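**Student:** here are the coordinates; sequence isn't available:
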């Protein structure tokens, strides 16, 4: 018999509806599926600590800067979520991002003069092909992803060094590429974009919840649906107020950085793919129980390969953002540390290392935590050594939270 | 009820089915009838060939010789997809459920319903809820809870409900009560009866003699790769069954 009281007593189903929904949500939290609560709590805690040590932390200027810093971490962590969901790992994302940066910078040089969009597309196509190569080696030949992507880490680093030459660098002179991270939306445009995004979110959420209520399924109460949309609006308005405050020292600087929209677009696209499409469900099924997925007729090799392609592709986007931020790509890119931050970000965000549990949002929130530590420690004048130590402690805390809540999950 | 259903031609009929793995003859000229609307129990000691036989029916092992008749016409089962296409659904001992998915997602896995290219969660949840209610599975509080949070009996119920949802005509079950406690075993056996009463053919493999006698309409006994006897429930009791399983024949009659 199961340890928990088994309701074989013939308890009837309670009427579905709002109370059911709330009870189920509470059950999930108690059962170890607390979702984003720990990482949001962690983010608040980190903010309070850094603000109390240095009141420059929670200034509009620093917070917007923090968002730009977090973009590369968030994108790499989202890349890692695709493969962590399968219970696999990709150690190559740091240098795959480097390859994307090299391709985009090289093609956009004045000598070649590719338009910015063509250079970006070529860079993303290259990284998608790299992912296809990794995925094919892993699924068709059956090599462990740890080894294949470890080889990838070395190989793509080697390719990068070969192209750049020892100590070499390629500068980015294309204005659009540079403005991905340095450019900002005009304040009014920013407000319009934010309102459009919130309106779209509101319509989707409202229609989904209303349909469930109409047919009498377990659904959040109307008040909760409204609260969700209002919270989103408040968050968006807060972000715009922050971004539209002048943060310049000499000349006025204000507006939402473009890169925030890039990260948001990737988040929405990948979350939709994982949450609403059949492909996403299959990713969770393969990560949860590959044998059950195989018996259900799911093409395991294809799903796995596509995940590695999407992982490398997302790393490629991160690489373009990285190059844009530095306005160059050089041999100083530390792909080894980047990949460790990517995995750490996904796990800190709440994605399980053992497959089957995690969301794209976890990657973004985890990336924010890592950027916040990096940024806050920098403000306090600590060097890289101290940053590594603190990031490591946060990682251990996050994994411990995961392990402790997992222990409360019923095991059968 | 048993007498009625047995007059109809059996849904699945095996004639002279043989299967060898190298020098090992796992199945030797097996004859077996599995009628619709009844529970056919397959009994036998370890290594008698029960698992091989159900894997042949599930399409996992192609047979070496013999004929498989479905609804009276010969079919060849070369893969799990062939069996699934006929309406044969196997509920494995290890359940084949994904712990991290919820009940609805598990029941529809591999056959999701889509709406404008997206997963139609509402339609799937309604259908799953209806199926569970039809089968009188009342112990799960929400079809949106993850399978990891279910008890063994509830998981077995979900696996069986999946077979019903997919409108399988033949449900093959491998030791469905092996890991369950008393109350949960009763629940699952009740569900097995419900399946047969709804017109599905059920082929039940089990070691547990009292359970088998509780639930079966017909009992087929395997020994050393052969079906040594197949008879109606009324003509078998525990002593006869043990005779057949251990020696392959009996001279007892039901008292």
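**Tutor:** All right, it came through fine. Please read these numbers as outputs of a predicted model, since none were measured by experiment. Numbering: from 1, shown residues only, chains lettered A, B, ... in the order given.
**Student:** go through stretch A:176-196 and flag the buried ones.
**Tutor:** By 16 or more other CB atoms under 10 Å in any protein chain shown, the buried positions in stretch A:176-196 come out as A:176-178, A:180-182, A:184-185, A:190-191, A:193-194. Quick note: C-beta positions are derived from backbone N, CA and C, even for glycine.
**Student:** just give me the closest of these to residue A:293.
**Tutor:** residue A:180 (37.9 Å; CB to CB).
**Student:** what's the helix or strand for the residue lying closest to the closest one once chain neighbours are set aside?
**Tutor:** Counting by CB to CB, 6 or more residues apart in numbering or on different chains, residue A:180 lies nearest to residue A:324, which is 4.1 Å off, once chain neighbours are set aside. Assessed by DSSP states H and E, residue A:324 sits inside helix A:300-326.
**Student:** how about the residue in the stretch 101-250 of chain B that chain A sits nearest to: what's its closest non-neighbour residue?
**Tutor:** For the stretch 101-250 of chain B, the residue closest to chain A is residue B:110, as judged by CB to the nearest CB, at 3.3 Å. In space, and not counting its chain neighbours, residue B:110 is closest to residue A:296: 3.3 Å by CB to CB, 6+ apart.
**Student:** report how many residues lie close to that neighbour.
**Tutor:** By other CB atoms under 10 Å in any protein chain shown, the residues close to residue A:296 number 20.
**Student:** was I right about it contacting residue B:109?
**Tutor:** Yes. Checked against CB atoms under 8 Å, the pair residue A:296 and residue B:109 is within contact range at 4.3 Å.
**Student:** buried residues in the helix holding residue A:324?
**Tutor:** Neighbour counts using 16+ other CB under 10 Å place A:300, A:303-326 of helix A:300-326 among the buried residues.
**Student:** rewinding a little: need the contact list for the residue nearest to residue B:110.
**Tutor:** A:285, B:96, B:109-110 (CB atoms under 8 Å, 6 or more residues apart in numbering or on different chains).
**Student:** out of those, grab the one that's most surrounded.
**Tutor:** Highest neighbour count within the contacts of residue A:296: residue A:285, with 26 neighbours (other CB under 10 Å).
**Student:** that one: which element?
**Tutor:** Assigned by DSSP H and E, residue A:285 falls within helix A:278-288.
**Student:** ok, is that helix in contact with chain B or not?
**Tutor:** Yes. Using CB under 8 Å from any CB of the partner chain, helix A:278-288 reaches chain B at A:278, A:281, A:284-285, A:287-288.
**Student:** that helix vs helix A:300-326, what angle?
**Tutor:** Inter-element angle recorded for helix A:278-288 and helix A:300-326: 100 degrees (by axes from the mean of the first three to the mean of the last three CA atoms, to 10 degrees).
**Student:** who are the packing partners of the helix holding residue A:324?
**Tutor:** Under the contact criterion of 3 or more CB pairs under 8 Å, 6 or more residues apart in numbering or on different chains; DSSP states H and E, helix A:300-326 touches helix A:60-84, helix A:93-107, helix A:116-140, helix A:175-182, helix A:258-276, helix A:278-288, helix A:290-295.
**Student:** got a list of contacts for the last one?
**Tutor:** Think helix A:290-295. A:282, A:285-286, A:300, A:303, B:80, B:92, B:94-98, B:109.
**Student:** so for it, what's the average pLDDT?
**Tutor:** Per-region confidence: helix A:290-295 scores 87 on mean pLDDT.
**Student:** quick check: mean pLDDT of the longest helix along chain B?
**Tutor:** Taking DSSP state H as the criterion, chain B has its longest helix at helix B:182-197. Across helix B:182-197, the average pLDDT comes to 88.
**Student:** tell me the SS of residue 173?
**Tutor:** Here I'm looking at chain A. Look at residue A:173: counting by DSSP: H, G, I helix; E, B strand; the rest coil, its state is coil.
**Student:** oops, chain B please
**Tutor:** Classified using three-state DSSP, residue B:173 is strand.
**Student:** which residues touch it?
**Tutor:** Contacts of residue B:173 (CB under 8 Å, 6+ apart): B:90-91, B:160, B:192, B:202-205.
**Student:** redo those as CSV? Include secondary structure and neighbour count.
**Tutor:** Output for these, formatted as CSV (DSSP: H, G, I helix; E, B strand; the rest coil; neighbours: other CB atoms under 10 Å in any protein chain shown):
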residue, secondary structure, neighbour count
B:90, strand, 24
B:91, strand, 23
B:160, helix, 25
B:192, helix, 26
B:202, strand, 29
B:203, strand, 25
B:204, strand, 27
B:205, strand, 22
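**Student:** in CSV: these, plus distance to chain A.
**Tutor:** Below are those laid out as CSV (distance: CB to the nearest CB, whole Å):
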residue, distance to chain A
B:90, 9
B:91, 11
B:160, 15
B:192, 16
B:202, 19
B:203, 18
B:204, 19
B:205, 17
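**Student:** confirm the residue of the stretch 101-250 of chain B closest to chain A sits in a helix?
**Tutor:** No. Using three-state DSSP, the assignment for residue B:110 is coil, not a helix.
**Student:** neighbouring strands - and their directions - for the helix or strand just after the helix holding residue A:324?
**Tutor:** For helix A:300-326, the following helix or strand on the C-terminal side (DSSP H and E) is strand A:328-330. The pairing partners recorded for strand A:328-330 under DSSP bridges are strand A:169-171 (antiparallel).
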